[in-house]
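Undergrad: Sequence and computational prediction follow.
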Protein chains: 2
Amino acid sequence: MKPGKVYLIGAGPGDVELLTLKAVRRLGLADVVLIDDLANDEVLQFVPKHAEVVRVGKRGGCASVAQADIEARLLTEARAGRCVARVKGGDPFVFGRGGEEMQALLAAGIAVEVVNGITAGLAVPATLGIPLTHRDHVHGVTFVSGHTHQGDEPDWAALAKSGMTLVIYMGMSRLGLITEQLQQGLPADTPAAAIQYGTRPEQREVVGTLATLAADVAAAGLGSPALVVVGPTVDLSRLPARGQTIEKEFA
Amino acid sequence: MKPGKVYLIGAGPGDVELLTLKAVRRLGLADVVLIDDLANDEVLQFVPKHAEVVRVGKRGGCASVAQADIEARLLTEARAGRCVARVKGGDPFVFGRGGEEMQALLAAGIAVEVVNGITAGLAVPATLGIPLTHRDHVHGVTFVSGHTHQGDEPDWAALAKSGMTLVIYMGMSRLGLITEQLQQGLPADTPAAAIQYGTRPEQREVVGTLATLAADVAAAGLGSPALVVVGPTVDLSRLPARGQTIEKEFA
């Protein structure tokens, strides 16, 4: 039997309108869909009626067995000649383990196509009017994971010195430690924001400084999934009242 | 008269299929479109027939007068009550000067909505199967401009030490200098790639190392617009023949 193809599809940050045209078209080809927790279920409206939907719940630190199971399932489905849509939150190649899945599939001779998505680091700051770069302030942006794997820690001192806007994914559980380390290389009053459920109706945010953010987040009761943004352009945010928590209606 | 609204729209890296659903819908509301050179003209298929299209050619180092003219035109159109689509290549908040335009509009009391696009740094490496992050190799990615403004140079030594995958925009004219400086903090054999016209039919790429890339690019005759990617995941690329130039048919 001719093996099927696997589409590694980025579903974007939450707002289903941020799907690309390519993602919509590829979803329309699926016989089976493997979808992550962090991807918005609304993307399933673009899947054919006959398609089987498999929820492969992953959130934060997932066990490697689960990842191996996902990869095994992708192989099984493709080998059965089915067209597989593997749907991830954000972009498949930014903290999505898409690289690992691609490697496993290519090693088995299965065709793979990567369909990009808007990663949260692009979309979530934009909801607050925070540009990631700005000629007068900053010449680049770093997307970094605050969730360590096997005790491997990003070099926060080097990142602090790099002069980039820092967008930290999965950093909420270690926010105090991270903001403290960043203050080794950045002023304590560097603007910083944390945004939970970005681009979704239940989005909530806190804006402060590197020195205050961890306490601000605790006081406001923000949790995961959330994104942290650090750098001068946070100050260009068009929040109506900086330094305050803005709670929107839950949808 | 009630002022119009301005949509700062990211058109993505070139492939029109990488437009978001939101971008398509906002384009459909436009009375006037101001479009950059780097955005693919095909996006204009989504604009209403009555819409006026204004090409505001910008490529590489544009004069500040031109930028001021663009901002003035955005204000004039919005004040005349028109709905304005300001279309940029990639994402409006990543090297797109969208932050400056947003500031000018908000200062004048004009409503602005940012519509994200797939920035080239996400899409172009994906065409070669290069993941930007990978649990076993790298915990983040930096998008940085190699085009300096007012002699302001990114701290390449800090970036080299940061451990991030580096994606360098607008770095081709200074590639020798940049790769040399990165070798102060990264091994000479760090995998590196340059990709011109990424995601378009005329895409061409060279894959080598930090030590060889500038010469490889010169030998292959690659130029701007192009993206440079540096880091271990470049080695995961599924190019058929690493180290060689792959020329695709011109469309």
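TA: That came in fine, so what should we check first?
Undergrad: Mind naming the longest helix for chain A?
TA: The residue-count maximum for a helix in chain A (DSSP state H) belongs to helix A:64-79.
Undergrad: by contact count, what packs against it?
TA: For helix A:64-79, the packing partners by 3 or more Cβ pairs under 8 Å, 6 or more residues apart in numbering or on different chains; DSSP states H and E come out as strand A:5-10, strand A:32-35, strand A:84-88, helix A:98-107. The way it works is simple: take the backbone N, C-alpha and C, and place the C-beta from them, glycine included.
Undergrad: The ones you listed: which one's closest to B:Asp155?
TA: Closest to B:Asp155 of the helices and strands packed on helix A:64-79 is helix A:98-107 (Cβ to Cβ; 27.4 Å).
Undergrad: Low-confidence ranges, chain A, go.
TA: Across chain A, the ranges flagged by pLDDT under 70 are A:58-65, A:149-151, A:238-251.
Undergrad: related to what we said a few turns ago, just want the angle from the longest helix of chain A to helix A:98-107.
TA: For helix A:64-79 against helix A:98-107, the angle by axes from the mean of the first three to the mean of the last three Cα atoms, to 10 degrees is 40 degrees.
Undergrad: burial measure for the residue lying closest to A:Gln45 once chain neighbours are set aside, as a count.
TA: Once flanking residues are discounted, A:Gln45 sits nearest to A:Val16: 7.8 Å by Cβ to Cβ, 6 or more residues apart in numbering or on different chains. By other Cβ atoms under 10 Å in any protein chain shown, the residues close to A:Val16 number 20.
Undergrad: Kindly report the same for A:Asp189.
TA: Counted by other Cβ under 10 Å, the residues lying close to A:Asp189 total 12.
Undergrad: on that earlier part again, I figured the residue nearest to A:Gln45 hits A:Val43, correct?
TA: Yes. Shown here, A:Val16 and A:Val43 form a contact pair, counting by Cβ atoms under 8 Å, at 5.9 Å.
Undergrad: Over to the closest residue to A:Gly57 other than its chain neighbours. Which of the three states is it?
TA: Among residues not flanking A:Gly57 along the chain, A:Asp37 sits closest, at 4.6 Å (Cβ to Cβ, 6+ apart). For A:Asp37, the assignment made with DSSP: H, G, I helix; E, B strand; the rest coil gives coil.
Undergrad: so A:Asp37 makes contact with A:Ala66?
TA: No. Look at A:Asp37 against A:Ala66 with Cβ under 8 Å: they stay out of range, at 11.3 Å.
Undergrad: Phi, psi for A:Cys185 please.
TA: Residue A:185: Gly, not Cys. phi -120, psi -10 (degrees, to the nearest 10).
Undergrad: And for it, the neighbour number?
TA: For A:Gly185, the count of nearby residues is 16 (other Cβ under 10 Å).
Undergrad: List the contacts of the nearest residue to A:Gly81 once chain neighbours are set aside.
TA: Spatial nearest neighbour of A:Gly81, chain neighbours left out: A:Met1 (4.7 Å); criterion: Cβ to Cβ, 6+ apart. Going by Cβ atoms under 8 Å, 6 or more residues apart in numbering or on different chains, A:Met1 touches A:79-81.
Undergrad: So A:Met1 versus A:Glu71, what's the distance?
TA: Distance, A:Met1 to A:Glu71, using Cβ to Cβ, to the nearest Å: 20 Å.
Undergrad: can you check A:Asp155 too?
TA: Computed as Cβ to Cβ, the A:Asp155 to A:Glu71 distance reads 30 Å.
Undergrad: And A:Lys22, by the same measure?
TA: According to Cβ to Cβ, A:Lys22 stands 23 Å off from A:Glu71.
Undergrad: For these two, indicate the residue with more neighbours.
TA: Comparing A:Lys22 with A:Glu71 by neighbour count (other Cβ under 10 Å), the higher total belongs to A:Lys22, at 23 against 18.
Undergrad: isn't the more buried one right next to B:Asp15, touching?
TA: Yes. Between A:Lys22 and B:Asp15 there is a contact at 7.4 Å, judged by Cβ under 8 Å.
Undergrad: if we can go back for a sec, make TSV out of the contacts of A:Met1 and add distance to A:Val124.
TA: Output for the contacts of A:Met1, formatted as TSV (distance: Cβ to Cβ, whole Å):
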residue	distance to A:Val124
A:Arg79	38
A:Ala80	38
A:Gly81	39
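Undergrad: List just the nearest of the residues you listed to B:Ser237.
TA: Taking Cβ to Cβ as the measure, B:Ser237 sits nearest to A:Arg79 out of the contacts of A:Met1, at 24.6 Å.
Undergrad: Could you report the neighbour count for that closest one?
TA: 14.
Undergrad: And for it, nearest residue in space, chain neighbours not counted?
TA: In space, A:Arg79 comes closest to A:Pro3 once its chain neighbours are excluded; the distance is 5.4 Å by Cβ to Cβ, 6+ apart.
Undergrad: Could I get the full set of helices for chain A?
TA: A:21-27, A:64-79, A:98-107, A:120-127, A:156-161, A:175-182, A:213-220.
Undergrad: possible to save the ones you listed as JSON lines with distance to B:Val33?
TA: Formatted as JSON lines, the helices of chain A follow (distance: least, Cβ to Cβ, whole Å):
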{"stretch": "helix A:21-27", "distance to B:Val33": "18"}
{"stretch": "helix A:64-79", "distance to B:Val33": "41"}
{"stretch": "helix A:98-107", "distance to B:Val33": "34"}
{"stretch": "helix A:120-127", "distance to B:Val33": "20"}
{"stretch": "helix A:156-161", "distance to B:Val33": "38"}
{"stretch": "helix A:175-182", "distance to B:Val33": "41"}
{"stretch": "helix A:213-220", "distance to B:Val33": "39"}
